[in-house]
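Enquirer: here is a sequence together with a model predicted from it:
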Protein chains: 2
Amino acid sequence: MSSESDPPASTQSEEPESLSKKAAKKEAAKQEKLRRRQEAALAAATSSLSVDSEEDPLAANYGDIPLLELQSKTVANISDWTKVEALNDSLESKWVRIRGVAQTIRAVGKKMAFVVIRENGFTVQCVVQVQPDQVSPQMVKYVTALSRESIVDLEGVVSVPGSPIKGASQQVEIQVRKLYCVDRAVPTLPINIEDAARSEIEIEKALQAGEQLVRVNQDTRLNYRVLDIRTPANQGIFRIQSHVGNAFRQFLLSEGFVEIHTPKLIAGSSEGGAAVFRLDYKGQPACLAQSPQLHKQMSICGGLGRVFEIGPVFRAEDSFTHRHLCEFTGLDVEMEIKMHYFEVMDIVDRLFVAIFDSLNDNCQKYLEAVGRQYPFEPLKYLRQTLRLTFEEGVQMLKDAGVEVDPLGDLNTESERKLGQIVLEKYGTEFYILHRYPLAVRPFYTMPCPDNPAYSNSFDVFIRGEEIISGAQRVHKAEFLEKRAAACGIDVKTIATYIDSFRYGAFPHGGFGVGLERVVMLFCGLNNIRKTSLYPRDPLRLAP
Amino acid sequence: MSSESDPPASTQSEEPESLSKKAAKKEAAKQEKLRRRQEAALAAATSSLSVDSEEDPLAANYGDIPLLELQSKTVANISDWTKVEALNDSLESKWVRIRGVAQTIRAVGKKMAFVVIRENGFTVQCVVQVQPDQVSPQMVKYVTALSRESIVDLEGVVSVPGSPIKGASQQVEIQVRKLYCVDRAVPTLPINIEDAARSEIEIEKALQAGEQLVRVNQDTRLNYRVLDIRTPANQGIFRIQSHVGNAFRQFLLSEGFVEIHTPKLIAGSSEGGAAVFRLDYKGQPACLAQSPQLHKQMSICGGLGRVFEIGPVFRAEDSFTHRHLCEFTGLDVEMEIKMHYFEVMDIVDRLFVAIFDSLNDNCQKYLEAVGRQYPFEPLKYLRQTLRLTFEEGVQMLKDAGVEVDPLGDLNTESERKLGQIVLEKYGTEFYILHRYPLAVRPFYTMPCPDNPAYSNSFDVFIRGEEIISGAQRVHKAEFLEKRAAACGIDVKTIATYIDSFRYGAFPHGGFGVGLERVVMLFCGLNNIRKTSLYPRDPLRLAP
């Protein structure tokens, strides 16, 4: 399949569509010119890379696949390919074809090379050894000259070695018979995947043994995110994230919720405050929604009953903490309630137990991949989620010698401390704190009936950090106006929102969660940038 | 449950959490003041609405529920409530409790009233008739004085009338015993749900009979969207939309795709062009993503294999057509391909047949609700989707007497015409047109190998309108640079994107779909504003 043995001319005949014979002559001339220019460009791009195989009778077994062929081959039967993840000893002695990334290439003399091939975070060791009529010395030379992270197609026979394979996830080897390069990586990568995949423990251990291993810092990782994502831990993190989103939706759909999509472009200033991105919308002042709060409540007024949304949320805050982003994925829920805000907490309770169970049941290999680089203890949670009132929380802190304002909010430190106390006392790292002081909640929060200094609201914590905020909302327009005014909000700017409650409004409540925080805290990670695919913070707008 | 028979004092005792006895005296005084102020406000808000029931011994059977009670009732067992949708003759003679909207209220003399109660688009007729020891004349008076669209709780006995009920979806009645108002709508609504739910056919028919019925125009509907959404057709549309999103995801997850969330805040100018919303990002020039194109491709470079995203897409175009929005929900897919762009088309084919099947199998009652207001024929589609080349399409148009540029794009009119020809010839309203001229596709589109005037790309049509655009992408950085330059794009502005392909890139392709268009065209609707919950167009930024 080198360019000599399988030239473009023969490749073209495999293309399923033939040129229409009716094409105008004028167009044909123009196309021909374009084609010649493109072919010249392609030849220039690949000629310097292809191997000199004139003298090798086994040259058809290796080489660079020309671009032209990657544009034109008819559909291969997908069953012709094996996923690296699926390679195990049940395939012993079987011929397999895989496509993956050449993660490491190591020559052993001139007659043998080991190549570790990676696909979606899983790796397999492949052996290229000179054998008469099958593998030529030129082929070994070709393989050892490939750059790391190049994409290769490879065929060979599965073998099961006597001892465990350390450098790969799959415990079989492939005895390579054919190897073609699909796309070459630049010879010097900005970061090596091996380095990016290394745990702190490995680095420390090596240091104690006198060896200085490369530590890739967070900013470098994010600058070269397409390389960084290739580590097993990151492959795990983003599959876990996908799983959380799906578990969230499946639970809510099964409970009669409707998925909605509300606008991110909002007139005026969203929910107010400085933390808003402003822009010009066809001459009108506009901003990016800080949450779907107003529109999800309006959807309840519209009679949709129970709704949820998964979508981006924008916060122009100057927060440089480990847990804030300027853009994150909000998981938002809003629902009619018959009688009490506990109905919302019941959904939170069952929803998150379902998500955690589903992660533990279905994502074990991804959780392990994360844990190998960033070790963590499995999350401790109860079958029925613990509920404490804010006052009880304040008292528990006080008993532990931590004084907090009984009608203020908890700061991050107090939240952590309370998390520790709760863990010791109740054996859970996931709990609900409710009846927050009204003064620290948004204007649309329903006050407590027995004491308007408190509210029908709650926060939820994982490992001592807040991940969910929720409440019953005020559904009476007149009362909502009063609350907004009391909170210093210009009622005129939210007139459409308030008017929504004048046409008959159901009592309702809801909550919002940050997807990245759920994944970060479930996996015990220390920075939210690790669970955002392309994070945005006050300094980072790329890639 | 009028305020007299069930005063706030007794309600408070039902509150599960009691005030902490340890609250500081100073705080208690402050709270008491706040509480008194709030109670006065609540009393003022409800006093004018409550009925004078001093002389009615049956007063406990009706009345306005005070707000205080809606803040405080302990959780009712959800099984105590019946959904309107679930009311049928199997419940005959059973006692039920429902909450819903009073859609219409009609008095028959002073001793009887009919109330149609609506919940999530389903309706039931309820009869309030004077009966000794159960329903008083005052109760009938109270009910007839309620404003339309007020929220009510209602208890009574299910009965099955001898003849069909015309004005409601459920074919049973409720003989009302108790009725409480949860929230009152303003007496005069900006639009009546009955008017908003009326079909054109009804209006025409009435006109022929000499009666002029109200027709609510599109802009009025959108201005009062929380009322407009309450029509059965709209309740159907947004549940169908939710179902499409879920069918899309479930199919892709079952095929090994990973759901991702890419940033909407982008440095520079997204994919270029004027149709971009610009903003200031902490002093950096930024814009809103016109699609997740660049980031979903980068995720493929990152080794995620197959990805999809559901999220908002922003287009600052000045398009005032029936099919363009400034913000819509993009369904985006990107995947490694082994050999050919047909692998992407195979996914499109199976994915959409699965979505259509799922809608027909699971959403029949919602489709019928849409059809009652906006009659449409079920979509005709084949088990295996028809594929035509662009050249074949051009020829079919030519044969029908329509001349189009063989290397240009089809305009909306030609697309419609071709849709008609295809329907007549192949009996399908869903088909794929592929091998588009390269000149009309974005710079990252892979040219055809046999003729670079064409490309490895496709569009997909429903009922003669384009809904999907897809293609194989250029995965070689050098070639991508050339293509960008050839399309007049400043390569420096997309350097991060192009660099993503220098570290070993898989051949890949993908496509994008607009969720609102899928729903619009599946249901044969004439305007995309009907399938966007809160549409954004060049003139509309609210609600």
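Expert: Sure, I can see it. Numbering: from 1, shown residues only, chains lettered A, B, ... in the order given.
Enquirer: burial of the residue of the stretch 251-400 of chain A at minimum distance from chain B, as a residue count?
Expert: For the stretch 251-400 of chain A and chain B, the shortest gap (C-beta to the nearest C-beta) falls at A:Gly302, measuring 3.3 Å. The C-beta positions use only the backbone N, C-alpha and C, and glycine is treated the same way. Using other C-beta atoms under 10 Å in any protein chain shown, A:Gly302 has 25 other residues around it.
Enquirer: for the closest residue in space to it that isn't next to it in sequence, give me its contacts.
Expert: Leaving aside its chain neighbours, A:Gly302 sits nearest to B:Ile229 (3.3 Å; criterion: C-beta to C-beta, 6 or more residues apart in numbering or on different chains). Counting by C-beta atoms under 8 Å, 6 or more residues apart in numbering or on different chains, B:Ile229 touches A:299, A:302-304, B:235, B:238, B:533.
Enquirer: export those residues to CSV and tack on distance to B:Phe320, pLDDT and secondary structure?
Expert: Shown next, in CSV, are the contacts of B:Ile229 (distance: C-beta to C-beta, whole Å; pLDDT from 0 to 100; DSSP: H, G, I helix; E, B strand; the rest coil):
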residue, distance to B:Phe320, pLDDT, secondary structure
A:Ser299, 26, 97, helix
A:Gly302, 26, 97, coil
A:Gly303, 30, 96, coil
A:Leu304, 28, 97, coil
B:Gln235, 28, 97, helix
B:Phe238, 24, 98, helix
B:Leu533, 20, 98, coil
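Enquirer: for those residues, give me CSV that also has distance to A:Cys181.
Expert: Shown next, in CSV, are the contacts of B:Ile229 (distance: C-beta to C-beta, whole Å):
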residue, distance to A:Cys181
A:Ser299, 52
A:Gly302, 56
A:Gly303, 59
A:Leu304, 53
B:Gln235, 56
B:Phe238, 50
B:Leu533, 49
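Enquirer: looking at those, which one is closest to A:Asp195?
Expert: Within the contacts of B:Ile229, the smallest distance to A:Asp195 is 46.7 Å, found for B:Leu533 (C-beta to C-beta).
Enquirer: got phi/psi on the closest one?
Expert: Main-chain torsions, B:Leu533, degrees, to the nearest 10: phi -60, psi -50.
Enquirer: same deal with A:Lys296?
Expert: In terms of degrees, to the nearest 10, the main-chain angles of A:Lys296 are phi -70, psi -40.
Enquirer: how about the closest residue to it other than its chain neighbours, phi and psi?
Expert: Distances taken as C-beta to C-beta, 6+ apart put A:Glu334 closest to A:Lys296, at 4.1 Å, once the chain neighbours are dropped. Reported as degrees, to the nearest 10, the phi and psi values for A:Glu334 are phi -150, psi 140.
Enquirer: now do the same contact list for A:Gln71.
Expert: Applying C-beta under 8 Å, 6+ apart to A:Gln71 gives the contacts B:446-449, B:456, B:472.
Enquirer: counting contacts, what elements does the helix or strand encompassing A:Leu359 pack onto?
Expert: Of the helices and strands defined by DSSP states H and E, A:Leu359 is found in helix A:342-362. If you count contacts as 3 or more C-beta pairs under 8 Å, 6 or more residues apart in numbering or on different chains; DSSP states H and E, helix A:342-362 packs onto helix A:232-254, strand A:327-336, strand A:430-434, strand A:457-462, strand A:465-472, strand A:508-514, helix A:515-522.
Enquirer: got CSV for those, with mean neighbour count too?
Expert: Shown next, in CSV, are those (neighbours: other C-beta atoms under 10 Å in any protein chain shown):
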stretch, mean neighbour count
helix A:232-254, 22
strand A:327-336, 23
strand A:430-434, 23
strand A:457-462, 25
strand A:465-472, 22
strand A:508-514, 24
helix A:515-522, 25
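Enquirer: what's the closest of these to A:Lys282?
Expert: strand A:327-336 (22.7 Å).
Enquirer: export that closest one to PDB, keeping only CA atoms.
Expert: Taking Å, rounded to 0.1, in the frame of the first residue of the first chain, the C-alpha atoms of strand A:327-336 are listed here in PDB:
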ATOM      1  CA  GLU A 327     -18.600  29.400  31.100                       C
ATOM      2  CA  PHE A 328     -19.800  26.100  32.300                       C
ATOM      3  CA  THR A 329     -22.500  23.500  31.600                       C
ATOM      4  CA  GLY A 330     -25.600  24.000  33.700                       C
ATOM      5  CA  LEU A 331     -27.900  21.200  34.600                       C
ATOM      6  CA  ASP A 332     -31.100  23.000  35.400                       C
ATOM      7  CA  VAL A 333     -34.400  21.700  36.800                       C
ATOM      8  CA  GLU A 334     -37.800  23.400  37.400                       C
ATOM      9  CA  MET A 335     -41.000  21.700  38.500                       C
ATOM     10  CA  GLU A 336     -44.500  22.300  39.700                       C
END
